[in-house]
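**Student:** My questions are about this predicted structure, shown below with the sequence.
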Amino acid sequence: MSVKRAANFSAGPGVLPVEVLEKAREEMLSQAGSGMSVMEMSHRSKPYDAIQAAAEADARAFLGIPDSHAVLFLQGGASLQFTMIPKNLGGGADFVTTGSWGQKAIEAARLEGAAQEIWTGKADKFRSAPDLTALDRTEGAAYTHITLNETIQGVDYMTDPPADGTDWVCDMSSTIGSRKMDFSRYALVYAGAQKNIGPAGLTLVVIRKDLLERVPEGVPPMLDFRIQAENDSRYNTPPCWSIYMAGLVFRHWLDRGGIEAVEAANEAKAAVLYGAIDGSARFYRGHAVEANRSRMNVPFVLGDDSLTDPFLKEAKEHGFLELKGHRSVGGCRASIYNAQPAENVKALADFMADFAQRKG
Ligand SMILES: Cc1ncc(COP(=O)(O)O)c(C=O)c1O
C-alpha cells in the first residue's frame, strides 16, 4: 500500500483496519460480481441478504453472542438507545453513572419516566467504577444501566457485571470487541459502531430474546425492538453499507485469532501508553484509578497545563492526530481502539518521553 496513513487517535469515528478499507475499495464497484456496490443494492436482494447474514454470524462468533440473544442492526447512534431502551423496557430503572455518557443516558431516560441514579462518580470527577455486587438497588427496578467504558473519562469496569439475576443494560460503545465479554450476563447491550465496529450510522443492539415480549403497546414502530427483530432489522432501509463494513471488521479479527488475540494486543498497547504516563515522574498524569483504566481511551493531563498546547502542537507536527481531550474535560486523550497499530502507540509513547525530557 503506497498511501501514507495517519496516526489517528480519534475517539470516534476511530481508526479502522487498513485491510478492511482495502477490501471495501476492491469490492466498491462490483460486490461479489453483482456489478454494483453495497450502497446501490436493494436491501431486500439476495446478495444483500447474504451480507447481513454473514455480518450477524461473524458478530456472534467474534463477540461470543449466545443464541438466547437477538442481534439488531439499528440507526440513531448510541444516543437514540438512551430513549429507545426506556420506551421498550419501561421506566423506573436504576442507573450507575461513571462519566459523561452515563449522565446523558439517565437524562434522556428521565424524559420517559422514573430513573434513579444509584451511584455516581461525579464528586470525584469520574475516576472510578463501583463494585457492581455491592450496590443498593431499587426494589422492582425495570433494569440497571451501566456504561462499560466511559469514552471521555477513560473509566472501564474491566469486568462483566455479576450473574445475580439483574437485567443489566449496558452501553458498550467504546469497548465492545476489545476483550472477551460474557454476553449472557447482559439483558441488553448497545454500541454505536464508529469506534471498534465500523462506520457511523450503525448501532449494534444485542437483546435477550425474552425482553422482546416485554415491549409495551404503542411504541413507535421504528423504536420498537420487537418490530425490528421480527423484521430482521429491515422494517425500513437499514444502514446497508455500515452493516457490510461491520461484517468485514468482524471477519478481519476472526481471521487474526479472534477476540483473545485482540485482547492480548490491546493489553500490550495500553501497557505501553500507561507506562509512558507512569514513567514520567508526574509530567503526565492519567485520569482514572488504576483498576478502572480503559484500554481504549487514555485521557491524561500535563502536570504543567501551560505545556498542553505546545504538546498538542508538536504532537501534530510529528503526525499524531486527534490527541486533544474532549472539550468538556480538556487535557489530552489518546484513543487506541482495536485497529490502532501498535507501532503508532509505541511512537507516541516515545514522543511523550522525549517531550517530557526536553520540557520537564
Ligand atoms: C460510551 C458512549 N456512549 C454513547 C455515545 C454516543 O454515541 P452516538 O454518537 O453513536 O450517539 C458515545 C460516543 O462517543 C460513547 O462513547
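**Tutor:** On my side now, so go ahead. Since the structure is predicted, the reported quantities are computational estimates derived from the model, not experimental observations. Residues are numbered from 1 along each chain as shown.

**Student:** switch to C-alpha atoms for all contacts and neighbour counts from now on
**Tutor:** Will do.

**Student:** what sits against the residue in the stretch 251-360 of the chain that the ligand sits nearest to?
**Tutor:** Distance from the ligand to each residue of the stretch 251-360 of the chain (Cα to the nearest ligand atom) is smallest for residue 297, at 9.5 Å. Applying Cα atoms under 8 Å, 6 or more residues apart in numbering to residue 297 gives the contacts 11, 151, 152, 153, 154, 333, 334, 335, 336, 337.

**Student:** Repeat the analysis, applying 10 Å as the threshold.
**Tutor:** Neighbouring residues of residue 297 by Cα atoms under 10 Å, 6 or more residues apart in numbering: 9-11, 149-156, 174-175, 270, 333-337.

**Student:** Equivalent analysis for residue 95, please.
**Tutor:** Applying Cα under 10 Å, 6+ apart, the residues contacting residue 95 are 102-103, 105-106, 109, 115-120, 137, 141, 143-147, 168-169.

**Student:** can you check residue 108 too?
**Tutor:** Residue 108 makes contact with 79, 80, 81, 82, 83, 84, 86, 102, 115 under the criterion Cα under 10 Å, 6+ apart.

**Student:** Among the residues you listed, which lie within strands?
**Tutor:** residue 115 (DSSP state E).

**Student:** Which ones, among the contacts of residue 108, also lie beside the ligand?
**Tutor:** By Cα under 6 Å from any ligand atom, the members of the contacts of residue 108 lying near the ligand are residue 79.

**Student:** Reformat the contacts of residue 108 as TSV; add pLDDT.
**Tutor:** Shown next, in TSV, are the contacts of residue 108 (pLDDT from 0 to 100):
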residue	pLDDT
79	98
80	98
81	98
82	98
83	97
84	98
86	97
102	98
115	96
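
**Student:** For PyMOL, what selects the buried ones among the contacts of residue 108?
**Tutor:** Buried residues within the contacts of residue 108, by 16 or more other Cα atoms under 10 Å, are selected in PyMOL with:
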select buried, resi 79+80+81+82+83+84+86+102+115
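
**Student:** Closest one of the contacts of residue 108 to residue 222?
**Tutor:** Minimum distance to residue 222 across these is 9.4 Å, recorded for residue 84 (Cα to Cα).

**Student:** got a list of what the nearest residue to the closest one once chain neighbours are set aside touches?
**Tutor:** Excluding its sequence neighbours, the residue lying closest to residue 84 (Cα to Cα, 6 or more residues apart in numbering) is residue 223, at 5.8 Å. Residue 223 sits next to 74, 75, 76, 80, 81, 83, 84, 85, 87, 88 when contact means Cα under 10 Å, 6+ apart.

**Student:** Show only the entries of the contacts of residue 297 found in helices.
**Tutor:** Taking DSSP state H, the ones among the contacts of residue 297 that sit in helices are residue 270.

**Student:** Go back to the contacts of residue 297 and keep what's next to the ligand.
**Tutor:** 150, 151, 174.

**Student:** which phi and psi does the closest residue to the ligand within the stretch 151-300 of the chain have?
**Tutor:** Among all residues of the stretch 151-300 of the chain, residue 192 sits closest to the ligand, at 4.1 Å; criterion: Cα to the nearest ligand atom. When read as degrees, to the nearest 10, the backbone of residue 192 gives phi -60, psi 140.

**Student:** swap in residue 25?
**Tutor:** With angles defined as degrees, to the nearest 10, residue 25 sits at phi -60, psi -50.

**Student:** Which pLDDT value goes with it?
**Tutor:** Here, the pLDDT recorded for residue 25 equals 97.

**Student:** and the gap between it and residue 33?
**Tutor:** 14 Å (Cα to Cα, to the nearest Å).

**Student:** partner residues bridging residue 117?
**Tutor:** residue 95 (DSSP bridges).

**Student:** Contacts only, for the residue of the stretch 151-300 of the chain closest to the ligand.
**Tutor:** 12-13, 74-81, 171-174, 176, 198-205.

**Student:** which of the residues you listed count as buried?
**Tutor:** Buried among these (16+ other Cα under 10 Å): 12-13, 74-75, 77-81, 171-174, 176, 198-205.

**Student:** Next, check the residues you listed against the strands and list the overlap.
**Tutor:** Per DSSP E, the buried ones among the contacts of residue 192 map to strands at 74, 171, 203, 204, 205.

**Student:** Identify the farthest-apart pair in the residues you listed.
**Tutor:** Checking these with Cα to Cα, the most distant pair is 74 and 171, at 14.4 Å.

**Student:** Report the contact partners of residue 251.
**Tutor:** So residue 251 contacts 20, 54, 55, 57, 58, 59, 61, 62, 245, 258 (Cα under 10 Å, 6+ apart).

**Student:** one more time with 8 Å
**Tutor:** 58, 62.

**Student:** just residue 27 next, same as before
**Tutor:** With Cα under 8 Å, 6+ apart, residue 27 has these contacts: residue 37.

**Student:** Let's see that with 10 Å instead.
**Tutor:** Contact analysis of residue 27 by Cα under 10 Å, 6+ apart lists 21, 33, 34, 35, 36, 37, 38.

**Student:** so what's the backbone phi/psi at it?
**Tutor:** Torsion angles, degrees, to the nearest 10, at residue 27: phi -90, psi 0.

**Student:** Residue 199 versus that one, what's the distance?
**Tutor:** Distance from residue 27 to residue 199, by Cα to Cα: 16 Å.

**Student:** just residue 236 next, same as before
**Tutor:** In terms of Cα to Cα, residue 236 sits 19 Å off from residue 199.

**Student:** what's the answer for residue 212, then?
**Tutor:** 27 Å.

**Student:** just residue 50 next, same as before
**Tutor:** Separation of residue 50 from residue 199 (Cα to Cα): 19 Å.

**Student:** what does residue 54 give?
**Tutor:** From residue 54 to residue 199 the distance is 17 Å (Cα to Cα).
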